[in-house]
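Asks: Next come a sequence and a model predicted from it.
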Amino acid sequence: MKEKLIRFMQGRYGIDQLSRFLIVFGVVIVLVSAFFNWGIAGLICYFLGWVLVIWSYIRVFSRNVSKRYAENQAFLAKTNGIRTFFQRQKNIWKQRRVYHIYKCPGCGQKIRIPRGKGKIEVRCPKCSTTFIKKS
C-alpha cells in the first residue's frame, strides 16, 4: 500500500506551508460555523471552509510543480513578518530557562544574563551604561 501511494505521488507537488495553512484554516472555519448558528452567513462560512480544504488537496495532487512552488513562495513572503515574530517569541521563551533577559535603562537594548550568578553589575554593550541586577 505504501508503495502505491509513493508511485501515485511521483511527479506531484505534495504538501507545503500554504497547503497546511489552507487545511487548518478551512477546518477551523467549518468547525466554527458548525457550532454556531449564524443562519445564511454560517452556511456560507461552512462552504467556504470546505472550498479551502478542497483547494488545498488540489494543490497537493497538482502536477504543475513550478506554479505551486511560486504560490508557496508568495505566501511565505507575505507571512514572513508574522512567522518571524512568533519564532522570535518562541526563542525568547526557550532562553528564559537559562538566562534572565533585562532591558538597559539607558538605551532599551535587551541583555541576556545567565541565571544563578547572584547580584551582578551589568554593562550594556551598546551604550556602556552599568546597572545592578539579580541573575
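Replies: Happy to help now that I have it. Numbering: from 1, shown residues only.
Asks: Measure how buried Ser56 is and give me the count.
Replies: By the criterion of other CB atoms under 10 Å, Ser56 has 22 neighbours. Just so you know, the C-beta spots here come from the backbone N, C-alpha and C atoms, and that holds for glycine as well.
Asks: phi, psi of the closest residue to it other than its chain neighbours?
Replies: Nearest non-adjacent residue to Ser56, counting by CB to CB, 6 or more residues apart in numbering: Leu22, 3.7 Å away. Leu22 has phi and psi values of phi -60, psi -40 when expressed as degrees, to the nearest 10.
Asks: so Leu22 sits right up against Val51, yeah?
Replies: No: if you go by CB atoms under 8 Å, Leu22 and Val51 don't touch, sitting 9.6 Å apart.
Asks: Show me the residue at the heart of the chain, geometrically.
Replies: Most central residue of the chain, judged by C-alpha distance to the mean C-alpha position with CA atoms, centre = their mean, is Arg83 at 4.4 Å.
Asks: Next up, the contacts around that residue.
Replies: Leu76 (CB atoms under 8 Å, 6 or more residues apart in numbering).
Asks: helix, strand or coil for it?
Replies: Here Arg83 is recorded as helix under DSSP: H, G, I helix; E, B strand; the rest coil.
Asks: Renumber starting at 808 from here on
Replies: Yep, numbering from 808; the last one is Arg890 now.
Asks: can I assume Ile939 sits in a strand?
Replies: Yes: using three-state DSSP, the assignment for Ile939 is a strand.
Asks: The residue nearest to it when sequence neighbours are not counted and Val905: what is the separation?
Replies: Leaving aside its sequence neighbours, Ile939 sits nearest to Glu928 (CB to CB, 6+ apart; 5.4 Å). According to CB to CB, to the nearest Å, Glu928 stands 20 Å off from Val905.
Asks: Tell me the helix or strand right after the longest helix anywhere in the chain.
Replies: Longest helix in the chain, counting residues (DSSP state H): helix 847-867. Along the chain past helix 847-867, the next helix or strand (assigned with DSSP states H and E) turns out to be helix 872-885.
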